[in-house]
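# build the 3D model from these lines:
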Amino acid sequence: MATIAIYYQMKENQKIEEVIAFINDFIRQLETDHVIKGVFIDQHAERSEFYELLHSASSKMDIIVLEKPLEDEFDEKLLLEVAKIENIQIKYFSELL
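Predicted coordinates:
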């Protein structure tokens, strides 16, 4: 079983209840074949949970799942470097459904 972490950055004016329901449905579809290591949700234009995810990446994670590609070029490069160093795959929600 692969160990995964989920990262989701909310859209502008999106309600947290919508996000939680969406992620719960996603987790239900994955949990038979994966171990969920953590879920990280940032408000629109915030990054604190993203950086917390990168900080936890060394804790035996196989896959980081993103809802969509990161918009910030620096964050994208940082994520790819951490993934390369820690031997973690980057996948998107659509690839796992």
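# wait, L80 touches I90, no?
Yes - contact criterion CB atoms under 8 Å: L80 and I90 qualify, at 7.1 Å. To be clear about C-beta, it is placed using only N, CA and C from the backbone, and glycine gets the same treatment.
# what's in contact with the lowest-mean-pLDDT helix or strand in the chain?
The least trusted helix or strand in the chain, going by mean pLDDT, DSSP states H and E, turns out to be helix 93-96, with a mean of 93. Under the contact criterion CB atoms under 8 Å, 6 or more residues apart in numbering, helix 93-96 has outside partners 26, 29-30, 65-68.
# phi, psi for F40 please.
Dihedral pair for F40: phi -120, psi 120, per degrees, to the nearest 10.
# state the mean pLDDT of stretch 45-54.
When the per-residue pLDDT values of stretch 45-54 are averaged, the result is 96.
# got it, and stretch 26-37?
Mean predicted confidence for stretch 26-37 is 94.
# list the contacts of the residue lying farthest from the centre of the chain.
Among the C-alpha atoms of the chain, the one farthest from their average position, using CA atoms, centre = their mean, is that of N13, at 20.0 Å. Taking CB under 8 Å, 6+ apart as the definition of contact, the neighbours of N13 are H44.
# buried ones in the helix or strand harbouring I85?
Under the criterion of DSSP states H and E, I85 resides in helix 73-86. If you call a residue buried by 16 or more other CB atoms under 10 Å, then helix 73-86 has these buried ones: 79, 82-83.
# do a quick rundown of the strands in this structure.
In chain order, the chain shows strands spanning 2-9, 34-42, 63-66, 89-92, with DSSP state E as the criterion.
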